[in-house]
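Novice: Okay, here's the prediction I keep looking at, along with the sequence it came from:
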Amino acid sequence: MAKYQFRPRGVCSQQITFALEDGKLHDVEFYGGCNGNLKAIGKLLEGADAQWTIDTLSGNTCGPRPTSCADQLTIAVKQALEQEA
């Protein structure tokens with residue numbers, strides 16, 4: 001299982017970590033940010049298809065920001081999938 005770390009930009013969270021195995025997300029964790037909401041995202045995405053996650057959460061915004069922690073996760077997952085290809 002490949003593990004990844006990503007430093008998001010333009011959001012409150014300072015780091016995102018996750019693992020990919022057979023195109024599925026595992027152990028999604030956000031450091032910093034809205035603790036309860038980000039823990040919930042991690043639980044909801046456990047075992048989720050990586051491409052589905054990108055398709056579903058890409059472009060999600062947070063207040064006046066043009067991005068969100070969920071959107072930043074999709075950027076991280078895209079990069080991880082490119083590395084694995």
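Specialist: Received the coordinates, thanks.
Novice: Report the contact partners of the most centrally placed residue in the chain.
Specialist: In the chain, the centroid-proximal residue (CA atoms, centre = their mean) is residue 73; its distance is 2.4 Å. Residues near residue 73 by CB atoms under 8 Å, 6 or more residues apart in numbering: 6, 8, 16, 18, 28, 30, 41, 53, 57. Heads up, the C-betas are built off the backbone N, CA and C, glycines and all.
Novice: try it again with 6 Å
Specialist: When contacts are counted by CB atoms under 6 Å, 6 or more residues apart in numbering, residue 73 is found next to residue 16.
Novice: With residue 15 as the reference, measure out to the residue lying farthest from the centre of the chain.
Specialist: Among the C-alpha atoms of the chain, the one most distant from their mean position (CA atoms, centre = their mean) is that of residue 64, at 19.8 Å. Per CB to CB, to the nearest Å, residue 64 is found 23 Å from residue 15.
Novice: what does residue 6 give?
Specialist: Counting by CB to CB, the gap between residue 6 and residue 15 amounts to 7 Å.
Novice: Compare these two (neighbour count), which wins?
Specialist: For residue 6 versus residue 15, the count of surrounding residues by other CB atoms under 10 Å is larger for residue 6: 18 against 14.
Novice: Give me the nearest residue to the more buried one, chain neighbours excluded.
Specialist: Among residues not flanking residue 6 along the chain, residue 76 sits closest, at 3.5 Å (CB to CB, 6 or more residues apart in numbering).
Novice: Could you list the low-confidence segments of this protein?
Specialist: Applying pLDDT under 70 to the chain flags no residue at all.
Novice: which residues of it fall in strands?
Specialist: Assignment of strands within the chain using DSSP state E yields the ranges 2-6, 15-21, 24-31.
Novice: Lovely, talk soon.
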